[in-house]
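[1] Generate coordinates for the sequence data below:
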Amino acid sequence: MALVVAKFGGSSVASPERIRLVANKLIALKNAGNDVVAVVSAMGKTTDELISLSETLTKNPPAREMDRLMSTGEQVSMSLMAMELEERGYRSMSFTGEQAGLYTDSRHLSAKITDIKPVRLMEAVLQGFIPVVAGFQGIDPKGDITTLGRGGSDATAVAIAYGIHADECAIYSDVDGIYTADPRVAPRAHKLDAINYDDMLELSSSGAGVLQARAVEFARKYNVVIHARSTFSDDPGTLVEGADAIMMEQAEVTGIAHDASEVKVTLRGVSDKTGVAAKLFSALAGNNVNVDMIIQNVSTDGRADITFTCPKADLPAAREVVENMLQKVSAHDYFVDESIAKVSIVGTGMKSSPGVAAKAFKALADNNVNIQMISTSPIRLSVVVSKDQMALAVRCLHTAFGLDSDSDYEEKMLSAEELAAKSKKGR
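    Purely as a prediction, here's the structure:
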């Protein structure tokens with residue numbers, strides 16, 4: 001018998017039919033002799049719809065009220081799932097984040113987990129129930145509901161798995177594991193059997209949307225093994241675990257990630273004096289702008305240009321800061337480029353493989369992809385390119401580092417042809 005945490009994303013519970021499908025998986029796990037705790041996201045695009053609803057009333061809603069509003073999506077899912085399990089003859093109870101014992105700090109909209117005390121949850125498990133927990137939410141020291149940021153249900157699942165000493169933390173979604181790149185962009189990408197925490201954290205932070213970066217960070221800190229797999233198949237997925245479990249001679253690059261959700265802001269003609277950059281980036285931090293990449297060109301006649309990237313969602317706050325700072329840093333003007341994308345190559349093997357940057361830059365140059373900005377870490381190399389060259393950049397880097405899989409590609413093409421044939425036959 002094992003104790004399993006099974007988390008299901010929004011697409012997995014998007015309709016009554018899919019809720020029944022998820023219930024089938026939970027029942028199968030229970031019938032196999034396991035104790036099961038389910039974690040669910042909001043149904044489909046419910047969170048986006050709630051945000052849009054709030055925007056019909058105000059463009060600047062109080063963060064506390066937004067957390068209360070957005071937390072309702074997961075509470076709908078948990079209740080419906082518990083009802084379905086009860087209807088099928090299995091004892092079930094739904095739990096909010098607070099009832100599950102998930103405590104956070106007071107930073108609304110992106111709270112961090114501070115403690116997990118799953119007393120009621122374990123009581124339900126010991127009594128034979130299948131608890132269903134609302135993901136994405138917790139409770140702060142004031143007793144207010146908080147949410148954990150986009151993808152926060154992943155963090156809920158990992159925290160609960162740690163708190164109840166689960167044997168497995170399975171995170172189900174509409175993809176069947178972690179791929180070397182997004183297969184929709186790089187059709188020859190292949191699924192990984194396993195990936196270490198560090199590589200997964202860099203991929204998630206660089207735009208790979210399969211797992212929330214903070215969930216991976218939590219898993220790495222507390223050594224929680226994640227099994228990323230598909231709701232819609234029984235095939236094994238990808239294990240996210242410690243470096244010791246990964247092959248000793250690892251490939252130099254594990255995967256390629258892309259992110260088209262950032263913008264580039266350039267201040268032109270900034271006074272090249274000590275402390276100017278400090279003033280600018282302190283002000284951006286004070287306005288909660290999450291700055292990613294930064295470059296400053298060589299000074300000419302006592303003037304320089306400073307460029308940084310940030311999430312598109314932070315652009316209004318960034319504009320506010322930059323417009324207030326123009327005179328303070330003696331800048332001529334500024335401009336924003338929203339037509340950019342970040343492409344990153346990731347791999348712990350890069351640390352012991354010289355020439356990775358040279359190979360990447362050559363592959364991009366051979367395909368006429370222009371690099372606008374560069375950022376590096378010991379296991380990641382990121383470049384900013386124009387958005388219309390993003391897909392080409394991903395594919396040529398994927399090929400250059402030997403990540404293409406023709407067998408996986410042929411299987412995908414065959415599956416697509418079979419699907420088309422079935423569709424045609426059904427008309």
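
[2] separation between Gly89 and Arg229?
    26 Å (Cβ to Cβ, to the nearest Å). For every residue, glycine as well, the C-beta is placed using N, CA and C.

[3] who's more crowded, these two?
    Arg229 (22 against 7; other Cβ atoms under 10 Å).

[4] what's the pLDDT at the more buried one?
    Model confidence at Arg229, expressed as pLDDT, equals 96.

[5] So which residues make contact with stretch 194-209?
    151, 178, 182, 210-213, 216-217, 219-220, 238-243, 245-246, 254-255, 257-261, 342, 344, 346-348, 377, 379-380, 382 (Cβ atoms under 8 Å, 6 or more residues apart in numbering).

[6] Among those, which ones are in helices?
    Among the contacts of stretch 194-209, the ones falling in helices (DSSP state H) are Ala213, Val216, Glu217, Ala219, Arg220.

[7] Tell me the spacing between the third one and Arg20.
    What that stands for is Glu217. 34 Å.

[8] Between these two, which is the more surrounded one?
    Neighbours were counted for Glu217 and for Arg20 using other Cβ under 10 Å; Glu217 has more, 17 against 13.

[9] and the residue lying closest to that one once chain neighbours are set aside, which of the three is it?
    Nearest residue to Glu217, sequence neighbours excluded (Cβ to Cβ, 6 or more residues apart in numbering): Leu201, at 5.9 Å. At Leu201 the chain is in helix, as set by DSSP: H, G, I helix; E, B strand; the rest coil.

[10] ok, how many other residues are close to Leu201?
    Using other Cβ under 10 Å, the number of residues around Leu201 comes to 23.

[11] How about Glu98?
    20.

[12] hang on, isn't it packed against Gly138?
    Yes. When contacts are counted by Cβ atoms under 8 Å, Glu98 is listed as touching Gly138 (7.0 Å).

[13] what is in contact with the two at once?
    Ile145.

[14] can you confirm Arg229 is in a strand?
    Yes. Counting by three-state DSSP, Arg229 is part of a strand.

[15] contacting residues around Ala124?
    Per Cβ under 8 Å, 6+ apart, neighbours of Ala124: Met93, Phe95, Pro131.

[16] On the three-state scheme, it is what?
    Assignment for Ala124 (three-state DSSP): helix.

[17] Residues contacting the helix or strand hosting Val22, please?
    Assigned by DSSP states H and E, Val22 belongs to helix 16-31. With Cβ under 8 Å, 6+ apart as the test, helix 16-31 has contacts from 4, 6, 8, 11-13, 36, 38, 40, 77, 80-81, 84-85, 88, 90, 130, 172, 231-232.

[18] out of those residues, which are buried?
    4, 6, 8, 11-13, 36, 38, 40, 77, 80-81, 84-85, 90, 130, 172, 231-232 (16 or more other Cβ atoms under 10 Å).

[19] Filter those down to the ones in helices?
    Ser77, Leu80, Met81, Glu84, Leu85.

[20] Please tell me how far the last one sits from Cys169.
    Going back to what we said before, that points to Leu85. 20 Å.

[21] Low-confidence bits of the stretch 151-300 of the chain, can you list those?
    Applying pLDDT under 70 to the stretch 151-300 of the chain picks out residues 243-250.

[22] Show the residue spans covered by the strands in it.
    168-173, 194-196, 226-230, 238-241, 255-259, 262-271, 294-296 (DSSP state E, counting those that start in this stretch).

[23] so which of these gets nearest Leu403?
    strand 255-259 (7.1 Å; Cβ to Cβ).

[24] The closest one pairs with which strands, parallel or anti?
    Take DSSP bridges as the rule and strand 255-259 pairs in its sheet with strand 340-346 (antiparallel).

[25] tilt between the strand it pairs with and strand 262-271?
    Per axes from the mean of the first three to the mean of the last three Cα atoms, to 10 degrees, the angle that strand 340-346 makes with strand 262-271 is 110 degrees.

[26] and strand 340-346, how far out from the chain's middle?
    From the chain centre to the centre of strand 340-346 is a distance of 15 Å (Cα atoms, centre = their mean, to the nearest Å).

[27] again, but for stretch 281-292
    That offset, for stretch 281-292, works out to 21 Å (Cα atoms, centre = their mean).

[28] Mind listing what's buried along it?
    Buried, per 16+ other Cβ under 10 Å, within stretch 281-292: Phe281, Ala283, Leu284, Val289, Val291, Asp292.

[29] Count the neighbours of Leu392 for me.
    Leu392: 17 neighbours (other Cβ under 10 Å).

[30] Wait, it touches Asp366, no?
    No. Using Cβ under 8 Å, Leu392 makes no contact with Asp366, being 11.0 Å away.

[31] any idea where the helices of the stretch 51-200 of the chain begin and end?
    Counting by DSSP state H, counting those that start in this stretch, residue ranges of the helices within the stretch 51-200 of the chain are 63-87, 119-126, 152-163, 197-205.

[32] Of the ones you listed, which stretch is the most buried?
    Ranked by mean neighbour count under mean count of other Cβ atoms under 10 Å, the helices of the stretch 51-200 of the chain are led by helix 152-163, which reaches a mean of 28.
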